[in-house]
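Participant: only geometry, no sequence info:
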C-alpha cells in the first residue's frame with residue numbers, strides 16, 4: 001500500500017480553557033466531551049466524541065510528473081531570456097548559501113530540475129521564481145540497503161525522534177516528522193519494527209527499515225524542515241513545486257514566519273504546487289497572498305496560521321491533506337487558521353481532506369469565505385469556531401461530514417460558539433447536516449465563547465438526512481431566546497423528516513415554523 005490513512009477521532013477543536021462538558025440535548029445523535037492540550041509554543045484544543053473511525057485504507061497513488069499543478073501557471077521566463085540582474089540557480093547550486101550571501105531585494109530564478117538544498121531564509125524584497133520543471137525537494141536519496149530477516153535496512157540516517165502532534169487512536173508515528181517516499185509515494189510509518197508490512201517503514205532514528213525490496217526504485221527520506229522560512233517582508237515565491245520537506249505538525253514547508261509570533265509581511269505565493277510535506281504545506285504570515293496554488297497530500301494540513309492580518313487565499317485547490325494519520329480534532333484539515341484578522345478565502349476548491357475543509361478556530365475576526373467549492377471532506381465543509389465576525393456567502397458545499405456525523409458536527413457549514421456571523425446565498429447539498437450552530441461551555445479567560453448574532457438567510461439547503469438548526473449541551477436555553485439567532489428566507493429541499501434542531505428538540509417542518517425560525521422559507525417538496 002501507499003500512504004494508509006486512518007480517519008480521525010472525529011471532533012472539533014477547543015480554546016485551551018474549557019472544562020469537560022456533557023451533552024444534555026434531546027437531539028437524536030450523540031454529543032461530545034471536551035478536553036484540552038497545551039504545548040509550550042502552541043495551544044491546541046480537542047473535542048472528543050465516541051469513536052466512529054474507519055480502519056486503515058489506502059490513498060490513491062499521487063500521479064507525479066515534473067509539474068502536476070492543476071492551476072494555470074503564469075508566464076515563465078525562458079532560460080535564454082533571463083535579465084542580467086537575476087541570479088540563475090541550477091540544481092547543483094546551494095540556494096540557501098546563495099541567499100545567505102546576497103543582499104536584500106535579489107531575484108533568483110531556479111532552473112529546471114530537482115533542487116535539494118538546505119533551508120532557505122529569504123531577506124526583504126527577494127523573489128524566487130522557477131522555470132517550468134523546477135522542484136524544491138527536502139529529501140535525501142537513500143542507497144545501500146541491506147536485506148535483513150524482516151525487510152531492507154540502511155544505517156547512518158539521522159532522523160528527528162522528538163514527537164509533536166496527536167495521532168488517531170492506537171497510533172503514534174504521525175508525530176515524527178521525517179517521511180519515506182518510494183517512487184514519489186509517501187509510505188506509512190509504523191510504530192514498531194514488529195509491525196512492518198508491505199508498503200510500510202520504521203526507524204529508530206539511526207536507520208531506515210522498509211518492508212519492500214528497494215532494488216530499482218527511487219527511495220527518499222525527508223530531512224530538511226522548511227523550503228523557505230523567514231520573517232522578511234515583501235517576498236515573492238512563484239512557479240515552483242515544493243515537496244518532501246519535514247516540518248513538524250503545525251509548521252509549514254513554506255513558512256512566512258521565523259518563529260511563533262515573528263511573521264513576515266506581504267508575501268506573494270502564486271502558481272506553486274505544495275505536496276507530500278509532513279506538517280502543513282504553507283504557514284501564512286501577515287498579508288500573505290496565496291494564489292493559483294495546488295496544495296495537496298500533505299501530512300497534516302494544507303494551510304495554517306497562528307495569527308496574521310489580511311491573509312488572502314484565492315483561486316487555488318486544497319485537497320487530500322492529513323494523510324499521516326493525525327487526529328483531526330487535535331489538528332488536521334484542508335486549512336486551519338487561528339487568531340487572524342481580515343482573512344479572505346475566495347474561489348478555492350477544497351476537497352477530500354481528512355478533517356474540515358475550511359476551518360477558522362480560536363479568535364478569528366472579520367473572516368470572509370466566498371465563492372468556494374467545498375466537497376467530500378471528512379468533517380464539516382466550512383467550520384467557524386470560537387471566533388467572531390464572519391461572512392460566509394456564495395459557496396457551493398456538498399458531501400461533507402460523513403465521518404463526523406454525530407450530533408450536528410457533520411454540517412456543510414458549521415458555526416460553533418462564535419458571534420456575528422452571516423451565512424447567505426450558499427448552496428448546501430447532501431452533507432451529513434445542513435447549516436448548524438453549536439453552543440458548548442467553552443471559555444477563555446473566564447468569558448464564555450457565545451453563539452450569538454447568527455443570521456442564516458437566502459441559502460438553498462438540500463438535506464434528505466441530517467438537520468439544520470442550533471443545539472447546546474450546557475443546560476442554558478438562552479441560546480434559543482436571547483442571542484439574535486435567525487434562520488430566514490432559506491429553501492429546504494428533502495426536509496420531509498425531522499430535519500431541524502431547536503430548543504433541544506428534533507423538529508419537522510411545521511414545528512420548525514412554529515419556533516419562528518422559518519420566516520420567508522420554503523420547502524418545495526413538502
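Facilitator: All right, it came through fine. Worth saying up front: this structure is predicted, and the values here are computed from it rather than measured.
Participant: Distance check, the residue located most distally from the centre of the chain against residue 394.
Facilitator: Largest separation from the mean C-alpha position in the chain: residue 84, at 40.1 Å (CA atoms, centre = their mean). Residue 84 sits 46 Å away from residue 394, going by CB to CB, to the nearest Å. C-beta here means a position set from N, CA and C on the backbone, and glycine is covered the same way.
Participant: Equivalent analysis for residue 102, please.
Facilitator: Distance of residue 102 to residue 394, computed by CB to CB: 44 Å.
Participant: Same question for residue 458.
Facilitator: In terms of CB to CB, residue 458 sits 10 Å off from residue 394.
Participant: and what of residue 215?
Facilitator: Separation of residue 215 from residue 394 (CB to CB): 53 Å.
Participant: and if you look at residue 281?
Facilitator: In terms of CB to CB, residue 281 sits 25 Å off from residue 394.
Participant: now swap in residue 506 and tell me
Facilitator: Applying CB to CB to residue 506 and residue 394 gives a distance of 30 Å.
Participant: For the two, indicate the residue with more neighbours.
Facilitator: More crowded of residue 506 and residue 394, by other CB atoms under 10 Å: residue 506, with 19 against 15.
Participant: my read: the more buried one touches residue 498, true?
Facilitator: Yes. With contact defined as CB atoms under 8 Å, residue 506 reaches residue 498; the gap is 4.2 Å.
Participant: so what's in contact with residue 458 and residue 394 at the same time?
Facilitator: Counting by CB atoms under 8 Å, 6 or more residues apart in numbering, the shared contacts of residue 458 and residue 394 are residue 425.
Participant: which regions of the stretch 151-300 of the chain sit below the pLDDT cut-off?
Facilitator: For the stretch 151-300 of the chain, no stretch is flagged by pLDDT under 70.
Participant: All the helices of it, residue numbers only.
Facilitator: Secondary structure of the stretch 151-300 of the chain (DSSP state H, counting those that start in this stretch): no helices present.
Participant: Helices of the chain, start to end?
Facilitator: All helices of the chain, identified by DSSP state H, fall at 95-100, 328-331, 478-481, 509-514.
Participant: quick one: which of the ones you listed is nearest residue 426?
Facilitator: The closest of the helices of the chain to residue 426 is helix 509-514. By CB to CB, the value is 18.7 Å.
Participant: buried set for the closest one?
Facilitator: Buried residues in helix 509-514, defined by neighbour count with 16 or more other CB atoms under 10 Å: 509, 512.
Participant: How about stretch 96-107?
Facilitator: Across stretch 96-107, burial judged by 16+ other CB under 10 Å covers 96, 99, 106-107.
Participant: can you list those residues in CSV and add distance to residue 380 and pLDDT?
Facilitator: CSV is the format used below for the buried residues of stretch 96-107 (distance: CB to CB, whole Å; pLDDT from 0 to 100):
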residue, distance to residue 380, pLDDT
96, 39, 98
99, 40, 98
106, 43, 98
107, 42, 98
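Participant: so which of those residues comes closest to residue 171?
Facilitator: Of all the buried residues of stretch 96-107, residue 171 sits closest to residue 96, with 33.6 Å by CB to CB.
Participant: I'd say the closest one and residue 115 touch.
Facilitator: No. The pair residue 96 / residue 115 is not scored as a contact, 10.0 Å apart, by CB under 8 Å.
Participant: From residue 316, how far out is residue 274?
Facilitator: According to CB to CB, residue 274 stands 10 Å off from residue 316.
Participant: and for the two, which residues touch both?
Facilitator: Common contacts of residue 274 and residue 316 (CB under 8 Å, 6+ apart): 293-295.
Participant: so which of the residues you listed is the most crowded?
Facilitator: That'd be residue 295 among the shared contacts of residue 274 and residue 316, by other CB under 10 Å, with 32 neighbours.
Participant: Tell me who's in contact with it.
Facilitator: When contacts are counted by CB under 8 Å, 6+ apart, residue 295 touches 273-275, 281-282, 302-303, 316-319, 321.
Participant: can we see that at 7 Å?
Facilitator: Applying CB atoms under 7 Å, 6 or more residues apart in numbering, we find residue 295 in contact with 274, 281-282, 302-303, 316, 318.
Participant: okay, those in TSV with distance to residue 433 and neighbour count next?
Facilitator: Conversion of those to TSV gives the following (distance: CB to CB, whole Å; neighbours: other CB atoms under 10 Å):
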residue	distance to residue 433	neighbour count
274	31	31
281	28	34
282	29	31
302	23	35
303	25	31
316	26	28
318	22	33
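Participant: quick one: the closest residue to residue 345 other than its chain neighbours from residue 272, how far?
Facilitator: Distances taken as CB to CB, 6 or more residues apart in numbering place residue 313 nearest to residue 345, at 4.7 Å, with adjacent residues excluded. Distance, residue 313 to residue 272, by CB to CB: 12 Å.
Participant: likewise residue 489?
Facilitator: For residue 489, the distance to residue 272 (CB to CB) stands at 40 Å.
Participant: More neighbours: those two, which one.
Facilitator: Taking other CB under 10 Å, residue 489 and residue 272 do not tie; residue 272 has more neighbours (29 against 15).
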